[in-house]
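**Student:** Sequence and predicted structure are below.
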Amino acid sequence: MSTLTNKRILLGVTGGIAAYKSADTVRRLREAGAEVRVILTAGAAEFITALTLQAVSGHPVYQHLLDTDAEAGMGHIELARWADAVLVAPASANFMARLAQGRADDLLSAVCLATESPVAIAPAMNQQMWSNAATQTNLATLKKNCVRIFGPAEGSQACGEVGPGRMLEPTDLVVMVSDLFASGEFDGLTVVVTAGPTWEAIDPVRGLTNRSSGKMGYAVATAAMEAGAKVTLISGPTALPDPERVRTLRVESTQEMHDAVHTHIVDADIFIGVAAVADYRPVRAADGKIKKTLEKMTLELERTPDILASVAARKPAPFTVGFAAETENLEQHARQKLEAKKLDLVAANRVGADIGFGTDENSLLLVEPGAVTELPMQPKAKLARALIRHIATRYRAKHTAKVHTLRRP
């Protein structure tokens with residue numbers, strides 16, 4: 001199973017004999033579905049070549065902090081933003097010390113400081129170096145700073161000694177990197193997500209639709225699954241493959257999506273309506289293709305069912321999140337939608353020629369009663385995980401408040 005599908009993993013390789021495993025680590029990460037970029041330190045380049053890592057990753061290898069071409073676009077910041085997770089494997093004793101001290105005098109350490117994504121290290125060194133008090137102090141600092149520690153394993157070492165300090169095997173590292181995305185914030189919850197456009201038939205050939213690609217909705221469904229939820233994704237027509245470990249149902253019209261939602265919402269704890277559903281449909285669809293005759297043609301349209309409002313009106317209602325795609329007055333329109341449909345949260349995104357529909361990046365303005373939160377421009381997969389974390393916090397707060405209310409004498 002591809003456990004890292006669409007994840008962007010930045011692999012840092014530091015100086016040590018275990019660097020020979022790095023090429024296999026790249027290969028295993030890619031087999032699991034990840035896109036991998038590599039940073040090679042000066043010490044690591046003494047053990048493995050950039051050309052080898054470029055060949056297995058399919059991308060140029062990054063080596064220098066003060067690279068004129070890369071830094072013209074603030075290359076270390078771009079890499080830090082690009083990564084969904086940073087894995088340093090092998091991580092030498094020297095690199096652990098520098099990371100614990102917060103130094104940023106080479107590309108890898110600068111990226112580790114600049115990223116908001118999880119950082120994990122797989123230590124690899126002589127057993128005595130690992131046991132040294134200085135290394136153990138650095139290890140404690142890194143754990144305190146929320147750096148994830150993968151290993152080390154025990155066994156025979158290149159120096160001939162036996163003990164702790166061996167880097168974990170690449171297959172083990174892939175499993176542990178996958179676990180970085182399993183937050184557990186939705187453990188035990190059932191989530192229904194809608195995604196994509198809808199298609200309202202005019203005749204057997206033509207229809208009313210919009211430019212939604214479904215990318216954001218699919219990313220939200222995947223992020224909810226990673227957070228531990230049992231997820232049902234109800235998708236309009238898209239060209240995207242079904243997300244793994246997500247139950248995906250394909251529909252076409254708004255009415256079909258409405259019916260599917262209400263079939264599967266009964267036991268749902270959270271509903272996230274990401275789909276860009278059509279607001280209107282033809283009153284009557286022609287049985288055959290409408291031929292071109294007159295200069296003008298008039299279509300009579302009627303309202304489609306309001307999926308969001310109908311879910312929020314259920315008794316009891318799930319925690320209901322709506323999306324609002326707007327070209328202007330983002331917060332104003334989002335708050336109107338929030339209040340009119342009695343939603344718990346509205347995620348508003350700006351759409352236009354170069355943003356929103358069909359793109360790989362977006363930003364969101366989260367509007368809820370008494371609060372507004374901005375999630376900045378970033379890849380949709382990362383944006384979806386940030387949204388899920390926000391929803392989890394608000395869901396727990398609402399659920400806790402409801403329990404306290406019920407317990408009052």
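**Tutor:** Great, that's in hand. Numbers count the residues shown, from 1 in each chain.
**Student:** Give the next helix or strand downstream of the helix or strand bottoming out on mean pLDDT in the chain.
**Tutor:** Every helix and strand of the chain was ranked by mean pLDDT, DSSP states H and E. The lowest is helix 68-71, at a mean of 54. Scanning forward in sequence from helix 68-71 by DSSP states H and E, the next helix or strand is helix 75-82.
**Student:** what about the helix or strand following that next one, average pLDDT?
**Tutor:** The helix or strand immediately downstream of helix 75-82 is strand 85-91, counting by DSSP H and E. What strand 85-91 shows for mean pLDDT is 96.
**Student:** What residues sit buried inside the next helix-or-strand element following strand 85-91?
**Tutor:** Counting by DSSP H and E, the element after strand 85-91 in chain order, helix or strand, is helix 93-101. Judged by neighbour count (16 or more other CB atoms under 10 Å), helix 93-101 contains these buried residues: 93, 95, 96, 97, 98, 99, 100. Glycine gets a C-beta too; all of them are placed from N, C-alpha and C.
**Student:** who does the following helix or strand past helix 93-101 touch, helix- and strand-wise?
**Tutor:** For helix 93-101, the succeeding helix or strand toward the C-terminus, using DSSP H and E, is helix 107-114. Contacts defined by 3 or more CB pairs under 8 Å, 6 or more residues apart in numbering; DSSP states H and E place helix 107-114 against strand 8-13, strand 35-40, helix 75-82, strand 85-91, helix 93-101.
**Student:** Could you export the ones you listed as TSV, including distance to residue 122?
**Tutor:** Putting the helices and strands packed on helix 107-114 into TSV (distance: least, CB to CB, whole Å) gives the following:
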stretch	distance to residue 122
strand 8-13	10
strand 35-40	14
helix 75-82	19
strand 85-91	4
helix 93-101	11
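**Student:** what's the least confident stretch among these?
**Tutor:** Lowest mean pLDDT within those: helix 75-82, at a mean of 81.
**Student:** tell me the angle of it relative to helix 107-114?
**Tutor:** Counting by axes from the mean of the first three to the mean of the last three CA atoms, to 10 degrees, helix 75-82 lies at 50 degrees to helix 107-114.
**Student:** Help me confirm that residue 248 comes into contact with residue 236.
**Tutor:** No. Here residue 248 does not reach residue 236: they are 11.5 Å apart, not a contact under CB atoms under 8 Å.
**Student:** Return the set of residues that bridge with residue 155.
**Tutor:** Taking DSSP bridges, one obtains residue 163 as the residues bridged to residue 155.
**Student:** how deep is it tucked in, by neighbour count?
**Tutor:** Residue 155 sits with 11 neighbouring residues when counted by other CB atoms under 10 Å.
**Student:** That one and residue 146, how far apart?
**Tutor:** When CB to CB, to the nearest Å is applied, the distance between residue 155 and residue 146 equals 28 Å.
**Student:** And residue 398, by the same measure?
**Tutor:** Applying CB to CB, the value for residue 398 to residue 146 is 27 Å.
**Student:** Also residue 153?
**Tutor:** As judged by CB to CB, residue 153 and residue 146 stand 23 Å apart.
**Student:** Check residue 168 too.
**Tutor:** Distance from residue 168 to residue 146, by CB to CB: 20 Å.
**Student:** between those two, who's got more neighbours?
**Tutor:** Higher neighbour count among residue 168 and residue 146: residue 168, with 22 against 8, using other CB under 10 Å.
**Student:** pretty sure that one contacts residue 123?
**Tutor:** No. Using CB under 8 Å, residue 168 makes no contact with residue 123, being 9.1 Å away.
**Student:** Report the set of residues contacting both of the two.
**Tutor:** Residues touching both residue 168 and residue 123 (CB atoms under 8 Å, 6 or more residues apart in numbering) are 151, 152.
**Student:** Just the mean pLDDT for the lengthiest helix in the chain, thanks.
**Tutor:** The residue-count maximum for a helix in the chain (DSSP state H) belongs to helix 380-407. For helix 380-407, the mean per-residue pLDDT is 82.
**Student:** And for stretch 187-195?
**Tutor:** 94.
**Student:** Tell me which residues are up against that stretch.
**Tutor:** With CB under 8 Å, 6+ apart, stretch 187-195 has contacts from 214, 216-218, 220-221, 224, 227-236, 238, 257, 261, 264-265, 267-275, 277, 307, 318, 395.
**Student:** Can I get the buried part of these as one ChimeraX selection?
**Tutor:** Selecting only the buried entries of the contacts of stretch 187-195 in ChimeraX, with 16+ other CB under 10 Å as the criterion:
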select :214,216,217,218,220,221,224,227,228,229,230,231,232,233,234,235,236,238,257,261,264,265,268,269,270,271,272,273,274,275,277,307,318,395
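**Student:** In strands, which of the contacts of stretch 187-195 appear?
**Tutor:** Those of the contacts of stretch 187-195 mapping onto strands are 230, 231, 232, 233, 234, 235, 270, 271, 272, 273, per DSSP state E.
**Student:** Looking at these, which is nearest residue 14?
**Tutor:** Ranked by distance to residue 14 (CB to CB), the ones in strands among the contacts of stretch 187-195 are led by residue 231 at 37.7 Å.
**Student:** low-scoring stretches of the stretch 101-250 of the chain, by residue?
**Tutor:** Across the stretch 101-250 of the chain, residues meeting the criterion (pLDDT under 70) sit at 157, 159.
**Student:** residue boundaries of the helices in it?
**Tutor:** For the stretch 101-250 of the chain, the helices defined by DSSP state H, counting those that start in this stretch cover 107-114, 127-131, 133-144, 170-179, 215-226.
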